[in-house]
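Need the 3D shape of this:
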Amino acid sequence: MSVLRDTGCNVPSTIVRNFYPFYNPQNIEGMIIGNDLDSLLSASFLKTKFGWDIVGVYDYETLSFSSTVENFHNKLLEGKYIAVDLDIYHPCIFSIGHHIIGSSCQDCLEGHSSSLNPNLLRGIHLQSYRRKYPLSTIHFLLWLFESEAGLGIKARSLVWLADSSYVNGQRHRFRSNVHEWVMNFFSSPAFLDSFELIDTYKFEYLLSDWLFPLLKETGLNISRGQVRSYHLGLSGYQCQWTSTEKERACILAMLELIEHITGWHAPTFPRKFIEIKGVRRSIVLSDIFKDSTNLDSFLLKNNVFSFVFPTSKSINYTTGIKL
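Down below sits the predicted model:
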């Protein structure tokens, strides 16, 4: 069972005490991160909090790790690393993410026994998809360590850009769900202040006039997304990359920008990588049960390394990551 699963616990100190990497940070030797803005923000925050550096990147298809790290496979399986802004389905790998990763409360999800996920904390599964966590991993971390109140408006603009969280919180998207999480789970005055700020012309103008030009200068992908903001029709700027090694200079530029805006320290980023390539597939949920009795048997049968439910009727999953 994952960390405090289905308990509804919203006491940060209790959650931290029950998640090994946060309670014993001295035993963690590095981070494996995702490949976008949220991942870099989260890594920078944790670098500042615990001194952890980046040893690898996982884009839900390829696991890339530093060529200078010895015994990477063994260390990963010994719990020496933490996967940040990722939901890894392996009982020996600590991970913190925020996707929907349960089809129902009957799922055992043995591979998530070392996972910390806000949806699992609150018992939110596919049946309650509209109630899923609507923000980013960096929001979750800021709440856990009670650090949102110390951010200025420019740092908050960068944080709320992650995973287009500010758009989710605006009146034409999923504002009621964001409000429910901010009020009933986070119960944080600082987050409530930010919640009121993001649905204003002033906030969007700050993004458009100040932040977006800075992000563009890093050279990372600023492609437009499907969601658009209420006041200025803004979208994109999730700064996702596709080649970790080739785009290293752009990633470093983004880490430097994050440090400049937030004051969080930039973690060390590897120069060369070794890749373990997997295969990512997407199927409709009904296909799971053609040859499997439940989600657990499907995951076991296909040796799934990670999976998410991008919609309430489909699943994306990755196989072939051999450790």
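
Give me the residues contacting the worst-scoring helix or strand of the chain on mean pLDDT.
Lowest by mean pLDDT, DSSP states H and E among the helices and strands of the chain is helix 285-291, with a mean of 85. Residues outside helix 285-291 that contact it (Cβ atoms under 8 Å, 6 or more residues apart in numbering) are 103, 126, 295, 298, 301, 309, 313-315. (C-beta placed from N, C-alpha, C; glycine too.)

all strands for the stretch 151-300 of the chain, in order.
Listed in chain order, the strands of the stretch 151-300 of the chain (DSSP state E, counting those that start in this stretch) span residues 273-277, 279-284.

want to throw those into TSV with mean pLDDT, mean neighbour count and distance to residue 81?
As requested, the strands of the stretch 151-300 of the chain are exported to TSV (pLDDT from 0 to 100; neighbours: other Cβ atoms under 10 Å; distance: least, Cβ to Cβ, whole Å):
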stretch	mean pLDDT	mean neighbour count	distance to residue 81
strand 273-277	98	15	14
strand 279-284	96	12	21
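
Residue ranges in the stretch 1-150 of the chain under the pLDDT threshold?
1 (pLDDT under 70).

Let me see the ranges of the helices in it.
In the stretch 1-150 of the chain, the helices defined using DSSP state H, counting those that start in this stretch lie at 12-18, 20-23, 37-50, 72-77, 118-121, 137-144.

In TSV: those, plus mean neighbour count and distance to residue 287.
What follows is these, written out as TSV (neighbours: other Cβ atoms under 10 Å; distance: least, Cβ to Cβ, whole Å):
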stretch	mean neighbour count	distance to residue 287
helix 12-18	14	35
helix 20-23	18	35
helix 37-50	24	29
helix 72-77	16	30
helix 118-121	24	23
helix 137-144	25	29
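
could I get the ones you listed as TSV with distance to residue 240?
Listed next are the helices of the stretch 1-150 of the chain as TSV, based on distance: least, Cβ to Cβ, whole Å:
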stretch	distance to residue 240
helix 12-18	28
helix 20-23	25
helix 37-50	8
helix 72-77	23
helix 118-121	22
helix 137-144	14
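
and residue 278, which of the ones you listed is closest to it?
Comparing these by their distance to residue 278 (Cβ to Cβ), the top pick is helix 72-77, with 14.4 Å.

now the closest one, how far from the centre of its chain.
In terms of Cα atoms, centre = their mean, to the nearest Å, the centre of helix 72-77 is found 21 Å from the chain centre.

hmm, who's touching it?
Contacts for helix 72-77 (Cβ under 8 Å, 6+ apart): 29, 32, 55-56, 65-66, 69, 81, 92-93, 274, 323.

Just the buried ones among these, please.
Buried by 16 or more other Cβ atoms under 10 Å: 32, 55-56, 65-66, 69, 81, 93, out of these.

before we move on, the earlier item: quick one: which of the helices of the stretch 1-150 of the chain is nearest residue 2?
With Cβ to Cβ as the criterion, residue 2 lies closest to helix 118-121 of the helices of the stretch 1-150 of the chain, at 4.7 Å.

which ones among the buried ones among the contacts of helix 72-77 are found in strands?
32, 55-56, 65-66, 81 (DSSP state E).

quick one: which of the contacts of helix 285-291 sit in helices?
If you go by DSSP state H, those have 295, 298, 301 in helices.

I'd like a version of those in a markdown table, one that adds distance to residue 112 and pLDDT as further columns.
Below are the ones in helices among the contacts of helix 285-291 laid out as a markdown table (distance: Cβ to Cβ, whole Å; pLDDT from 0 to 100):
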| residue | distance to residue 112 | pLDDT |
| --- | --- | --- |
| 295 | 11 | 95 |
| 298 | 14 | 95 |
| 301 | 17 | 94 |
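
Just the buried residues from those, in PyMOL please.
Applying 16+ other Cβ under 10 Å to the ones in helices among the contacts of helix 285-291, the buried members can be selected in PyMOL as follows:
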select buried, resi 295+298
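
low-confidence ranges in the stretch 151-300 of the chain?
Residues of the stretch 151-300 of the chain that meet the cut-off, pLDDT under 70, do not exist.

all helices of it, in order?
Using DSSP H, counting those that start in this stretch, helices in the stretch 151-300 of the chain cover 153-161, 165-168, 175-180, 189-197, 201-206, 212-217, 248-262, 285-291, 295-301.

Deepest in the core, which of those helices is it.
helix 165-168 (a mean of 22; mean count of other Cβ atoms under 10 Å).

Work out the gap between that one and the centre of the chain.
15 Å.

For that helix, output the C-alpha coordinates as PDB.
The C-alpha trace of helix 165-168 is given here as PDB (Å, rounded to 0.1, in the frame of the first residue of the first chain):
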ATOM      1  CA  SER A 165      -2.100  25.000 -12.900                       C
ATOM      2  CA  TYR A 166      -3.200  28.600 -13.100                       C
ATOM      3  CA  VAL A 167      -5.500  27.800 -16.100                       C
ATOM      4  CA  ASN A 168      -7.000  25.000 -14.100                       C
END
